[in-house]
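Undergrad: whatever this is, show me its structure:
(one chain, ligands or ions: 1)
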Amino acid sequence: MTKVALVTGGTRGIGAAICKALQEAGYKVAASYAGNDEAAAKFKAETGIPVYKWDVGDFDACAAGIAQVEAENGPVEILVNNAGITKDGFFHKMSKDQWSAVIRTNLDSLFNMTRPVIEGMRARSFGRIIVISSINGQKGQMGQVNYSAAKAGDIGFVKALAQENANKGITVNAITPGYIGTDMVAAMPEEALKRVVAGIPMGRLGKPEEIAQMVVFLASDNGAFATGATFTVNGGQYMA
Ligand code: NDP
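TA: Here you go, the predicted structure:
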């Protein structure tokens with residue numbers, strides 16, 4: 001039977017590329033988003049993939065949203081926790097709101113989205129949980145103490161949850177993209193972006209599709225032995 005994949009933040013950027021690649025690989029895909037109805041409608045018209053609006057930072061909204069996705073599509077067997085935001089600023093000037101919004105969307109979301117699906121995955125003895133972390137969770141990035149902390153937290157989440165579920169046919173992995181050409185990166189100041197690209201050995205930004213194919217591998221039967229791992233896709237930037 002066709003497996004159901006749910007991608008958070010699936011209507012734009014990396015998430016949209018993941019949805020399209022999973023659809024092409026034969027999965028029944030559902031995409032969630034936060035508030036950009038226009039982008040979601042455009043994505044749905046282009047792909048035929050159903051879209052669902054809720055905040056991944058809100059546990060009750062996630063539980064209700066997942067229940068709707070499952071009622072309309074079937075049990076979620078592949079969960080891609082991709083939704084994320086930045087709210088940059090030096091830590092000594094960072095507000096509590098900047099901190100909390102980023103932790104909530106990038107880290108709390110992992111609990112909120114994964115908790116409602118994990119029992120079903122365990123009962124069915126199959127599941128794929130894939131988290132889109134970041135190079136900046138591995139190396140730290142000035143101006144992004146909030147984001148670096150959240151994305152490093154994503155990696156800890158993956159390592160521990162993988163151990164708990166390795167004997168249940170469930171794999172849990174993180175992908176750590178380097179800088180990818182999406183709206184998130186387009187929002188960076190031009191000079192900062194130039195410096196970033198100069199630091200990438202390949203001398204270019206990554207493409208969303210280059211992250212999406214790693215997700216397809218991890219979702220597939222060929223990816224079954226990989227769990228608790230962090231897959232770095234960053235154009236050659238060194239990561240210890
Ligand atoms: P975009 O800003 O292009 O897209 C973000 C997506 O997430 C949108 O669909 C957005 O919905 C959704 N989203 C944001 N907040 C919420 C929320 N609270 N609830 C539900 N959905 C939400 O981001 P990218 O594609 O660039 O990034 C995707 C992931 O990859 C993120 O986790 C990011 O941190 C990570 N990443 C990105 C890198 C990059 O260089 N771009 C590098 C490394 C990691 P809506 O359209 O409604 O706003």
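
Undergrad: could you say what helices and strands whichever strand or helix holds Ala39 packs with?
TA: Element membership of Ala39 [criterion: DSSP states H and E] is helix 37-47. Packing partners of helix 37-47 (3 or more Cβ pairs under 8 Å, 6 or more residues apart in numbering; DSSP states H and E): helix 13-24, strand 28-33, strand 51-53. For the C-beta atoms, the positions are set from N, CA and C on the backbone; glycine is no exception.

Undergrad: check those for me and report the most buried one.
TA: Across those, averaging neighbours per residue (mean count of other Cβ atoms under 10 Å) puts strand 28-33 on top, at a mean of 26.

Undergrad: need the strands for the protein, in chain order.
TA: Ranges of strands in the chain, per DSSP state E, are 4-7, 28-33, 51-53, 76-81, 127-132, 170-177, 230-233.

Undergrad: TSV for those, including distance to Leu107?
TA: Formatted as TSV, those follow (distance: least, Cβ to Cβ, whole Å):
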stretch	distance to Leu107
strand 4-7	18
strand 28-33	17
strand 51-53	21
strand 76-81	10
strand 127-132	10
strand 170-177	12
strand 230-233	15
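
Undergrad: closest one to Lys42 among these?
TA: Of all the strands of the chain, it is strand 51-53 that lies closest to Lys42, at 10.0 Å by Cβ to Cβ.

Undergrad: just how off-centre is the helix holding Ala39 within its chain?
TA: Put simply, helix 37-47 sits 19 Å off its chain's centre (Cα atoms, centre = their mean, to the nearest Å).

Undergrad: could you dump the strands of the chain to CSV with distance to the ligand and mean pLDDT?
TA: Putting the strands of the chain into CSV (distance: least, Cβ to the nearest ligand atom, whole Å; pLDDT from 0 to 100) gives the following:
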stretch, distance to the ligand, mean pLDDT
strand 4-7, 9, 99
strand 28-33, 4, 98
strand 51-53, 7, 99
strand 76-81, 8, 98
strand 127-132, 4, 98
strand 170-177, 4, 98
strand 230-233, 9, 98
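
Undergrad: can you say which of those is nearest to Phe111?
TA: strand 76-81 (10.1 Å).

Undergrad: pull out the buried residues from stretch 162-173.
TA: For stretch 162-173, burial by neighbour count (16 or more other Cβ atoms under 10 Å) applies to 162, 165, 170-173.
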